[in-house]
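how would this look folded up:
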Amino acid sequence: MDDWVGGVVALGIMAVLVYGIVGQVRETLQFHGHGGPDMKRNRLLSVSGIGFIGFYALNLLPAFGVSSVPHHEATFVGCGISLIVYLFAKFGMKPKERSGKLV
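Residues are numbered from 1 along each chain as shown. Predicted structure coming up:
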């Protein structure tokens, strides 16, 4: 019973993450042709979000009986690095302001 509930919770978290990154990728593609001050930030958010979801999915596979995945510690480190990059891009990267205009 506990394994079943854990699997449902993990898949629910995965679904919410995928929903969020789909919105981020749509925003990035929408502004792709315009350039703009947040283009690098949006790209980094999209790539690091996709990386986090990929490593999270690899980390979940052994719980569902798939044994031919990379080592648990490697996927954990990948999740951590992707999350740190995502948080840096989200809160640390701000557009530069030159003479009253955002660059």
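
confirm Lys94 sits in a helix?
No: under the criterion used here (DSSP: H, G, I helix; E, B strand; the rest coil), Lys94 is coil, not part of a helix.

secondary structure element for Leu58?
Leu58 is part of helix 39-60 when elements are defined by DSSP states H and E.

quick one: residues contacting the closest residue to Gly49 other than its chain neighbours.
Of all residues not flanking Gly49 in the chain, Ile21 sits nearest, at 4.2 Å (C-beta to C-beta, 6 or more residues apart in numbering). Yep, even glycine has a C-beta here, placed from its N, CA and C like the rest. Contacts for Ile21 were tallied using C-beta atoms under 8 Å, 6 or more residues apart in numbering; they are 46, 49-50, 53.

need the three-state assignment for Ile21.
Under three-state DSSP, Ile21 falls in the helix class.

hang on, the earlier thing: just checking, what packs against the helix holding Leu58?
Packing partners of helix 39-60 (3 or more C-beta pairs under 8 Å, 6 or more residues apart in numbering; DSSP states H and E): helix 2-30, helix 72-87.
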